[in-house]
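1. Please work out how this folds:
(2 chains)
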Amino acid sequence: MAAQRAARTKDEVDHPSSPVLQFGPDKPLKLDAGTLLSPFQIAYQTYGTLNDARSNAILVCHALTGDQHVANTNPVTGKPGWWEVLIGPGKIIDTNRFFVICSNVVGGCLGSTGPASTNPVTGKPYGLDLPIITIRDMVRAQAMLIDHFGIEKLFCVLGGSMGGMQVLEWAASYPERVFSALPIATGARHSSQNIAFHEVGRQAVMADPDWHGGKYLDFGKRPEKGLAVARMAAHITYLSEAALHRKFGRNLQDREALTFGFDADFQIESYLRHQGMTFVDRFDANSYLYLTRAMDYFDLAADHGGRLADAFAGTKTRFCLVSFTSDWLFPTEESRSIVHALNAAGASVSFVEIETDRGHDAFLLDEPELFAAINGFIASAARARGLSL
Amino acid sequence: MSVNRAQRVDLEVVTDLIPANSRVLDVGSGDGVLLELLQETKQVDGRGLELSQRGVNECVSRGLSVIQGDADTDLKFYADKGFDFVVLSQTLQATRNPKIVLDELLRIGNRAIVSFPNFGHWRVRFSLLIKGRMPVTKDLPYSWYDTPNIHFCTIRDFVNLCEELGATVEKATALDANGQKIGLSMPWWFWNFFGQQAVFLLRR
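-> Residues are numbered from 1 along each chain as shown, chains lettered A, B, ... in the order given. Presented below is the predicted three-dimensional model:
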């Protein structure tokens, strides 16, 4: 099972089951690192139909370990798309009505160019030879994909966490191309604590002897133990103390008493080990390094002279921000500071904080208040955009 | 909602003061009843600031642009003259610093519209004078110890505050206990005695 999943993940890197858009030497991706990425490719999924006016397109931006399979069965895991609760025919983001696009980020490992992709110069995987990718680079690549569809202005860009960072970057970099923006459980910069968590994860990967200085694919190896530890640590930050306690408490795993050893006595240990083990089959370790780095480097205010409001000066985009009370990765204060900046820029902004104990991951779950907010925001934006029901 | 509107005649008065297609900030938007009324009847570009998260979530799910925030602390994040009108409806008396809030409204909006319950109304005076009790009325249903309304004023007090802040009263309306407008020709003392609520249009 695990080996099959890992093999499928490997297949998806250069030749994904998703549609792929190739950019040749005439269309390089300009990177913030100061170099050009060329050639490169973007793997994407679409749902629904683009209308004649090309005004009903919604771009969904995925989070750190997400992918383009937002509303279809995932080819690697066989599980439903990661936001199928929200997106699909008759759902809140109704694909009978909207044309939904989701692409794998550059730096990812499910078909868009990333560290596991084959470097055309060497014929081997890029590994650490791939330049550092930023959130702005990801968005720049997405804009090239949107150009390909002939879409001048997206009706909505939405996403949570790292996806939310891309939404903010879209609104700041291409204000005239974004009619409405819905950043969820995110921040305009990565906090010191979040950089710290990421660094723990990266160090765990790099400490695994199977990492081989990033060249593990050349050796036919993968730093599974290191990546699993990184995922376990990160997973804790996606939940909350209250949710962990509610779900697991101090319950023991398939046993009546403590074993006085280091086996997974507690359910929470067993759960985390499972999270770590299943993750390594579907994700490339170097991709994890690149994407966590992209989030760490994100600081929208710094890109605009230190004043966040200047990132949104004169914007006509309609914004709706959402945060969750128990999210300690992107606490409400992060969203609130974006709201204040948008206010100062005179932007149209809504802001909803949702009471839940499910932590950061709440954005991926069935949260009625989240859905009500998204529904109200999308409906009113659609009216303003002249999109009929 | 129709019940709300019947109870809040001041909302109709506020709506009458705002021309179509204006940019409006509603401070203390509650469940969004005024913003929705303004969007339906005046096609305004409306925004809201509301303290209670429940109210905000309700507004956003109804498609209104509202954020959670506190009039006492969050108005400073708005740009100068960013709106044609800033409305503070039945909220002034619940702020910690009404003077600063009013000053901010005049900074953010080309015009400010403020509606508030008049503590100079005869029923209030009667309650204190005869009964010796803090008044509890239909419009002011709280007891002194649990009221969110911590800074009551009379119409006269409010006019004085406007003078102090250099604000010009462009228009004022007082509503009696039945929600009827009190005649314009009446003197301030009459308004202050018989007006249960007042709505002021201000500029600076």
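2. Every contact and neighbour count from this point should use C-alpha atoms.
-> Noted.
3. State which helix of chain A is the longest.
-> For chain A, the helix that runs over the most residues, judged by DSSP state H, is helix A:368-385.
4. List the contacts of that helix.
-> If you take CA atoms under 8 Å, 6 or more residues apart in numbering or on different chains as the criterion, helix A:368-385 is touched by A:86, A:92-93, A:155, A:179-180, A:318, A:320, A:322, A:352, A:354, A:363, A:388, B:57, B:60-64.
5. same check, this time on stretch B:88-103
-> B:11, B:26-29, B:71-72, B:75, B:112-117, B:148-153, B:161, B:165.
6. quick revisit: could you check the longest helix of chain A and say which residues are buried?
-> Using 16 or more other CA atoms under 10 Å in any protein chain shown as the test for burial, helix A:368-385 gives A:369-382.
7. Likewise for stretch B:66-75?
-> Using 16+ other CA under 10 Å as the burial criterion, the residues of stretch B:66-75 that qualify are B:Val66, B:Ile67, B:Gln68, B:Gly69, B:Ala71, B:Asp72, B:Leu75.
8. Quick one: end-to-end distance for that stretch.
-> The first residue of stretch B:66-75 is 13 Å away from its last residue (CA to CA, to the nearest Å).
9. Tell me the gap between that stretch and the middle of its chain.
-> Between the centre of stretch B:66-75 and the centre of its chain there are 15 Å (CA atoms, centre = their mean, to the nearest Å).
10. Any part of it near chain A?
-> Yes. Part of stretch B:66-75 sits close enough to chain A to count as contact by CA under 8 Å from any CA of the partner chain, namely B:Val66, B:Ile67, B:Gln68.
11. In a markdown table: those, plus secondary structure and pLDDT.
-> Output for these, formatted as a markdown table (DSSP: H, G, I helix; E, B strand; the rest coil; pLDDT from 0 to 100):
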| residue | secondary structure | pLDDT |
| --- | --- | --- |
| B:Val66 | strand | 95 |
| B:Ile67 | strand | 94 |
| B:Gln68 | strand | 90 |
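12. List just the nearest of the residues you listed to A:Lys247.
-> Using CA to CA, B:Gln68 comes nearest to A:Lys247 of these, at 30.6 Å.
13. which ones are touching that closest one?
-> Contacts for B:Gln68 (CA under 8 Å, 6+ apart) come out as A:Phe351, A:Val352, A:Glu353, B:Leu49, B:Glu50, B:Leu51, B:Ser52, B:Gln53, B:Val56.
14. switch to 7 Å and redo it
-> The contact partners of B:Gln68, by CA atoms under 7 Å, 6 or more residues apart in numbering or on different chains, come to A:Phe351, A:Val352, B:Leu49, B:Glu50, B:Leu51, B:Ser52, B:Gln53, B:Val56.
15. mind checking how far the fifth one is from chain A?
-> Right, B:Leu51. From B:Leu51 over to chain A the distance is 12 Å, taken as CA to the nearest CA, to the nearest Å.
16. what about the residue nearest to A:Pro80 when sequence neighbours are not counted, which SS state?
-> Beyond its immediate neighbours in the sequence, the residue positioned closest to A:Pro80 (CA to CA, 6 or more residues apart in numbering or on different chains) is A:Thr73, lying 4.5 Å away. Using DSSP: H, G, I helix; E, B strand; the rest coil as the criterion, the local structure at A:Thr73 reads coil.
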